[in-house]
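> Model the structure of this input:
(chains A, B and C)
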Amino acid sequence: MDILVSGLLLGGTYALVAMGLNLQYGVARIMNLASGEMLVLGALAAFWLFTTAQLSPVLTMIMVAPLAFIGNWLIYQLLLRPLVKRAKNQGQLEVDSILATFGMSFALVGIMVAIHGEYFTYSYLANPFEILGTTVALNRFVAFVVALIIGVTLVLWLNFTRPGTAVRAVSVNTEAAKLVGINVPRISALSFALGGAVTAAGGTLISTFITLDASVGVIFTMKALIIVIMGGVGDMRGSIIAALLLGLVETAVATLIDPGLTLVSAYLIFLGILLFRPQGLFGKRAT
Amino acid sequence: MTGSGWKEIGLAAGLVILAAFVPLVTDGYWLSIAVTAMMYIALATAWTLFSGPTHYISLATGAFFGIGGYLVATGMSDYDISFWVMAAVAPFVAVVLAAIVGAATLRLSGIYFVIFTLGLAEMIRGLVSWVQNNFLGSRGLYVLTDFTEAHIYWMLLIIAAVVYLIGWLIERSRLGFAMKIIGNDEGVAKHLGINTAAAKVALFMITGYFTALVGVVIAPRYSYIEPNLVFSPELSFLVVIMALLGGTQRLWGPIVGVIPFTLIWETISVSFPNATTFYLGLSFLLIVYFIPNGFVGLVEKLARRRQG
Amino acid sequence: MNRREVLARLSTGLAVVGTAGLLSFSALAADTIKIGAVAPKTGPLAGGAAVSQWPNIELWAKEVNDRGGLKLKDGQKKVEIIEYDDKTNPGEHIKAAQRLATQDKVDFIIAPYGTGFNVAAAPIYAKYGYPQIAVTSISDQIGELTGRYPGLFFTLGSTTDFVQGVVHVLTGLREKGDIGNKIAMVNVADAFGIELADVARPLFTEAGFEIVYDKSYPLGTPDLSPIIKGAKAANPDAFVAWSYPPDTFGLTEQAIIEDFQVKAFYTAVATAFPAYGGKFGSKINNVLGAGGTNPDDPKIADYRKRHKEVTGKEPDYWASANTYAALEVLAQAIEGVGEADREKVTQYIKDHSFDTVMGELKFENQNSRKYWTVGQWQDGVFRGVDAVNIDGAAPVRVKEGWE
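The predicted structure is shown next:
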């Protein structure tokens, strides 16, 4: 039970890390290497507002999400759209977006170091919380609940609304989506912005229980990439399930075998899944 | 054999000889830049051997590099084995790994291959740390040798030259022809009766060997090895970035990518000590927007313009 | 060099990069002493360097210049600091140190931040004859390293001393009957963490302790709760974690949440950071950690006050004072020699003793053995409770709950 509860909570954290990238890569086709930095930016905002104005990170999250949405929308329109237009094929866009977002990640690290070069440490809701007989940290539980809300909302939105369906259509086939009259550039920009907002919001919550610093983003980028690929590109359910699976596996291994093997086991699961399903859990075989 | 092929290798040989004199001209700052640049040239050229023709972007550089550096450090520090013995052994461990990974990833393509190699590098780092922690123990991995920067530079230069030569030979061999077809269309390659699997794995093994060898040679430069620093995902990314900046369609692409990259990097580090990372990021962005086809594209455009 | 100049230089393009690099700084007059500093501003070690390294350099340079500079034979000279970011990358560090030595031609270099970087940079310091007064460098190879590099000095002790301090504190508690002999030990599976655990195992066993839980965790583990749960289930008397900054915070937070009751709770690096006390407040009263200081010592108290005034932030309760002391040693040695002659300054450091915030420092075989090993958070201050060759250690207290 301990393992189940702690594992799901950790999985919720991973879902916060990965859902945004899924939208950005799956729909907008931008392999965003600055995803982790966007997350850390959210964390920095939470830390900064908490230590200077005692503002609750949950409030910060509510403020950060729209700001990140606008910011990422601008990033897409000003910096990434020209690359999309220029690219002759998906391969070219992948190369260009890797280079461009790698540059962005450096620039963001630079900005954050200038704001606060030390660790983002503070204490918020670091209280024990009893659930199903297991003691967990309240801040982790809150993050899990928010992750759940975001995840469910996204899945419902994608599957049961018109814009959501358009987003999924673009994710499945950009060309075909164009043919049925979907405004692909608009939908792409929307997805990229939404993805950035989810990631930054996740960062505000994660900062309440993991000590971050300005340079730590790349670790989250890698985790997000692993999860998105494991779940299957462009499939939100896949990312969420992959995230929960990783959380459960890591916690089970840490508790039952050896905490030293958590990372190894997580990557082993990832590699194993790709070996048997080369397109990820929910991915569609490329044609 | 075409004339331009011989011209290319002749030019390369000339450059290698010229480069060999660098440590005689300078032994301070510029040499340390040259060592760093040469390290990236060797790594990026080795990377291009496999990833250039196949279009498979590999992020396993850190894994192979780490194996090289780490085994040398453990061997020397904990078992008193000489540098040269470890230098001979370590790359073969990487080759075995490359063979396994190569075989395992045959079904993967595109982004799935990219992230698989990234996950692999991270898993190896975790595994190595865990094994060392629980079975080997360590009192710190020191690689104390009498190598100077010049020695390390020459060793890297030799590696880079050999990698280039191998790449040049492969381009002109059946293997190279096979790889090009795989890169263009793997299905066609299979129909033509090319053993795509064997070709890919073989090339990946060569890349793994030389990447690990670079790790071996760099270990004495770092002197103190931390798994976290040699199994570096950042290194994997940087090598990809440099190769892409250069252009992966030509074997010499990485070289024309690395050199300006290193110089820009250095200028920024010096000019903005307090905001290096920020300005590096900006310069990447500028390069992407204004040099769309990498430095190879730029060089070839200029060459065409001169001819035309 | 101002920003506009730099931008102008960038815009002139790649062709001039080489020459521009060669020419920069050559115009600076010789009436200052140029001091180089390379340490991380970004990367994994940046958070630590921002606490213990950079502020002390700022403080020291300001104080030296406020009193008119270093007193040399030919008058007083101000110090000019040239700093670079090594991005927590040894290759970058080597380049930057080479640049300081051969391009900027600095008179002295402040030793790097972190064991690995001190070892990696030592050949460069040795080649150009710079004295290297290492602080944040803890190693059991001090003998071999100082034998190799005649200008390399150590000031923060060996790995064994570091671990012995913890053994000493726990043995003391056991002798008083405060704790039993069961220890739960965890470590981060990275270079220094592995080394500390490896050194600690035999030392704890020799001292008659039983290690009832002994596990590692990977660097960057996002959820440390299974470790605290595992350690708690082993029912130990004392908990020892050879941890790095992010996990020091993480382990403590989980211990609070799990209400992990031990009479002695130790986390290693970063326990001495003011941010640690700031984050946990009174909950971490009586937590043990690496380092320590004696805030009642008038010199230390004065140093802490000046640090706060000049840099706007508190120094840590460990390596900050040692870092500042190493800079004082450098300044006094330069003034003692009276000129920026590196060979003479190195020899001067070997032959003399120095009056610093850490008291009198003297190097024997290039090693100053005067440092705190274990500290304890006691009513909002992280006091040293165990040291090598320093008096004034506070009595160790027993940890009673997390309130």
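
> Find the nearest non-adjacent residue to residue B:210, please.
Among residues not flanking residue B:210 along the chain, residue B:46 sits closest, at 4.2 Å (Cβ to Cβ, 6 or more residues apart in numbering or on different chains). Backbone N, C-alpha and C define where each C-beta goes, glycine included.

> what number of residues lie near that neighbour?
Using other Cβ atoms under 10 Å in any protein chain shown, residue B:46 has 32 neighbouring residues.

> Which pLDDT value goes with it?
Residue B:46 is assigned 93 on the pLDDT scale.

> Thought residue B:205 was touching it, still the case?
No - look at residue B:46 against residue B:205 with Cβ atoms under 8 Å: they stay out of range, at 11.3 Å.

> where does the stretch 51-200 of chain B have low pLDDT?
Residue ranges of the stretch 51-200 of chain B with pLDDT under 70: none are present.

> Spell out which parts of it neighbour chain A.
B:55, B:57, B:104, B:107-112, B:115-116, B:118-120, B:122-123, B:125-127, B:129-130, B:133-134 (Cβ under 8 Å from any Cβ of the partner chain).

> how close does residue A:216 get to residue A:12?
19 Å (Cβ to Cβ, to the nearest Å).

> Residue C:392 belongs to a strand?
No - read with DSSP: H, G, I helix; E, B strand; the rest coil, residue C:392 is coil and lies in no strand.

> What segments of the stretch 101-250 of chain A are strands?
With DSSP state E, counting those that start in this stretch as the criterion, the stretch 101-250 of chain A has strands at A:128-131, A:134-137.

> most packed of those strands?
strand A:134-137 (a mean of 20; mean count of other Cβ atoms under 10 Å in any protein chain shown).

> quick one: low-confidence ranges for chain C?
C:1-30.

> Pop the domain breakdown of it in here.
Domain ranges of chain C: C:28-158+C:297-372, C:159-293+C:373-388, per automatic domain parsing.

> Could you export the ones you listed as JSON lines, including distance to residue A:160 and mean neighbour count?
JSON lines is the format used below for those (distance: least, Cβ to Cβ, whole Å; neighbours: other Cβ atoms under 10 Å in any protein chain shown):
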{"stretch": "domain C:28-158+C:297-372", "distance to residue A:160": "44", "mean neighbour count": "21"}
{"stretch": "domain C:159-293+C:373-388", "distance to residue A:160": "33", "mean neighbour count": "22"}
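
> Could you identify the helix or strand that succeeds the helix or strand harbouring the residue nearest to residue B:210?
Per DSSP states H and E: residue B:46 is located in helix B:29-54. Moving toward the C-terminus from helix B:29-54, the next helix or strand (DSSP H and E) is helix B:61-79.

> List the buried residues in that following helix.
B:61-78 (16 or more other Cβ atoms under 10 Å in any protein chain shown).

> Same question for stretch B:113-131.
B:113-130.

> Among those residues, which lie within helices?
Counting by DSSP state H, the part of the buried residues of stretch B:113-131 found in helices is B:113-130.

> Tell me the helix or strand right after the strand or helix carrying residue C:145.
Take DSSP H and E as the rule and residue C:145 turns out to sit in helix C:142-148. Where DSSP H and E defines the elements, the next helix or strand beyond helix C:142-148 is strand C:152-154.

> Next, see if the helix or strand just after that next one gets close to chain B.
Using DSSP H and E, the next helix or strand after strand C:152-154 towards the C-terminus is helix C:159-175. Yes - on the criterion Cβ under 8 Å from any Cβ, helix C:159-175 is in touch with chain B at residue C:159.

> Show me what helix C:159-175 is packed up against.
helix C:191-206, strand C:238-242, strand C:264-267, strand C:288-290, strand C:371-378, strand C:381-388 (3 or more Cβ pairs under 8 Å, 6 or more residues apart in numbering or on different chains; DSSP states H and E).

> Tell me the strands beside the fourth one, with direction?
Take DSSP bridges as the rule and strand C:288-290 pairs in its sheet with strand C:264-267 (parallel), strand C:371-378 (antiparallel).

> Run through who's touching it.
The contact list for strand C:288-290 (Cβ atoms under 8 Å, 6 or more residues apart in numbering or on different chains) reads C:162, C:166, C:169, C:248, C:264-272, C:276, C:318, C:373-377, C:382, C:385, C:396, C:399.

> if I read this right, residue C:191 contacts residue B:227, doesn't it?
Yes - in this structure, residue C:191 is within contact of residue B:227 by Cβ under 8 Å, at 7.0 Å.

> Could you find the closest non-adjacent residue to whatever residue of chain C ends up closest to chain B?
Nearest residue of chain C to chain B (Cβ to the nearest Cβ) works out as residue C:102 at 3.1 Å. Sequence neighbours aside, residue B:28 is the residue nearest to residue C:102 in space, at 3.1 Å (criterion: Cβ to Cβ, 6+ apart).

> residues near the one you found, how many?
By other Cβ under 10 Å, neighbour count at residue B:28 equals 16.

> Near chain A, which residues of the stretch 1-150 of chain C are found?
C:41, C:42, C:43, C:44, C:46, C:47, C:50, C:51, C:54, C:88.

> From residue A:6, how far off is the third one?
Separation of residue C:43 from residue A:6 (Cβ to Cβ) stands at 30 Å.

> how close does residue C:204 get to chain A?
19 Å (Cβ to the nearest Cβ, to the nearest Å).

> For the residue in the stretch 1-150 of chain B positioned nearest to chain C, which residues are in contact?
Among all residues of the stretch 1-150 of chain B, residue B:28 sits closest to chain C, at 3.1 Å; criterion: Cβ to the nearest Cβ. Going by Cβ under 8 Å, 6+ apart, residue B:28 touches C:98, C:101, C:102, C:103.

> Next: residue B:72.
The contact partners of residue B:72, by Cβ under 8 Å, 6+ apart, come to B:83, B:86, B:87, B:90, B:143, B:215, B:216, B:219, B:220, B:225.

> close enough to count as contact, the first one and residue B:144?
No - the pair formed by residue B:83 and residue B:144 falls short of the contact definition of Cβ under 8 Å, at 9.9 Å.

> Who are the packing partners of the host helix or strand of residue B:239?
Here residue B:239 is covered by helix B:233-246, with elements defined by DSSP H and E. Applying 3+ Cβ pairs under 8 Å, 6+ apart, one finds that helix B:233-246 contacts helix A:90-115, helix A:217-231, helix B:29-54, helix B:61-79, helix B:111-131, helix B:253-271, helix B:294-307.

> so which of these gets nearest residue C:256?
Among these, helix A:217-231 comes nearest to residue C:256, with 24.4 Å by Cβ to Cβ.

> so how far is that closest one off the chain centroid?
Centroid separation between helix A:217-231 and its chain, computed with Cα atoms, centre = their mean, to the nearest Å, is 8 Å.
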